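Trainee: Requesting a structural model of the entry that follows:
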Amino acid sequence: MIRTGQVYAGGDAAGAALVLTDPLSFWGGVAVATGVIIDHSHPQVGQSVAGRMLVMPCGRGSSSSSSVLAECLRLGTGPVGILLARPDPILTVAALVAEALYGLRCPIVVAEIAGIITGDQLRLVTTGAIAQVILTR
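Mentor: Numbers count the residues shown, from 1 in each chain. Coordinates of the predicted model:
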């Protein structure tokens, strides 16, 4: 299945999906050293975002989430890409900063996420402002 999306941070990435049912704040919600979700109120607490294609409705603030996500990317404990249903400027800033400071890319794409389940293989291919979201089971 191929979907078209809007690019907010460019790059290509592929990996197994981790689908979150609720928005996630990286600040206080993710352990930087491991990438594990530590927000005890989040339905996917205990799951790791490290090396995964993170799929969620949107981020959940705080503005400090940018620095936490950028640090996760620097340490290799962040997602390889992020697919959102709605744009999130805080996560986008993190991806842009990680690329500028560390030369690391974490594409962020906004597209339809319905029907994607944890474990699906996702590939994000970005060209300019348009992305292809390629889903295989």
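Trainee: mind checking how far the residue positioned nearest the centre of the chain is from Leu18?
Mentor: What sits nearest the mean C-alpha location of the chain, by CA atoms, centre = their mean, is Ile82, with 2.4 Å. According to CB to CB, to the nearest Å, Ile82 and Leu18 sit 10 Å apart. For every residue, glycine as well, the C-beta is placed using N, CA and C.
Trainee: Overlap of the contact sets of those two?
Mentor: 53-55 (CB atoms under 8 Å, 6 or more residues apart in numbering).
Trainee: just the helices in this structure please.
Mentor: 65-75, 89-102 (DSSP state H).
Trainee: and the nearest residue to Ala9 once chain neighbours are set aside, how many neighbours?
Mentor: The spatial neighbour of Ala9 that comes closest, neighbours along the chain excluded (CB to CB, 6 or more residues apart in numbering), is Ala95 at 3.6 Å. By other CB atoms under 10 Å, the residues close to Ala95 number 26.
Trainee: now swap in Cys58 and tell me
Mentor: Neighbours of Cys58 (other CB under 10 Å): 16.
Trainee: Relative to Val125, how far out is the closest residue to it other than its chain neighbours?
Mentor: Distances taken as CB to CB, 6+ apart place Arg86 nearest to Cys58, at 4.3 Å, with adjacent residues excluded. Remark: distance between Arg86 and Val125 (CB to CB) = 21 Å.
Trainee: who has more neighbours, those two?
Mentor: Val125 (18 against 11).
Trainee: looking at it, the more buried one is touching Ala131, isn't it?
Mentor: Yes - at 6.5 Å, Val125 counts as touching Ala131 under the criterion of CB atoms under 8 Å.
Trainee: thought the residue nearest to Ala9 was touching Arg105?
Mentor: Yes - with contacts counted by CB under 8 Å, Ala95 reaches Arg105, the gap being 7.4 Å.
Trainee: Look up the residues that both of these two are in contact with.
Mentor: Ala9.
Trainee: quick one, strands of the chain?
Mentor: Shown for the chain, the strands assigned by DSSP state E span residues 2-9, 13-19, 53-56, 81-84, 108-110, 121-127, 130-136.
Trainee: Would you format these as JSON lines with distance to Ser67 included?
Mentor: Shown next, in JSON lines, are these (distance: least, CB to CB, whole Å):
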{"stretch": "strand 2-9", "distance to Ser67": "16"}
{"stretch": "strand 13-19", "distance to Ser67": "21"}
{"stretch": "strand 53-56", "distance to Ser67": "17"}
{"stretch": "strand 81-84", "distance to Ser67": "16"}
{"stretch": "strand 108-110", "distance to Ser67": "16"}
{"stretch": "strand 121-127", "distance to Ser67": "23"}
{"stretch": "strand 130-136", "distance to Ser67": "25"}
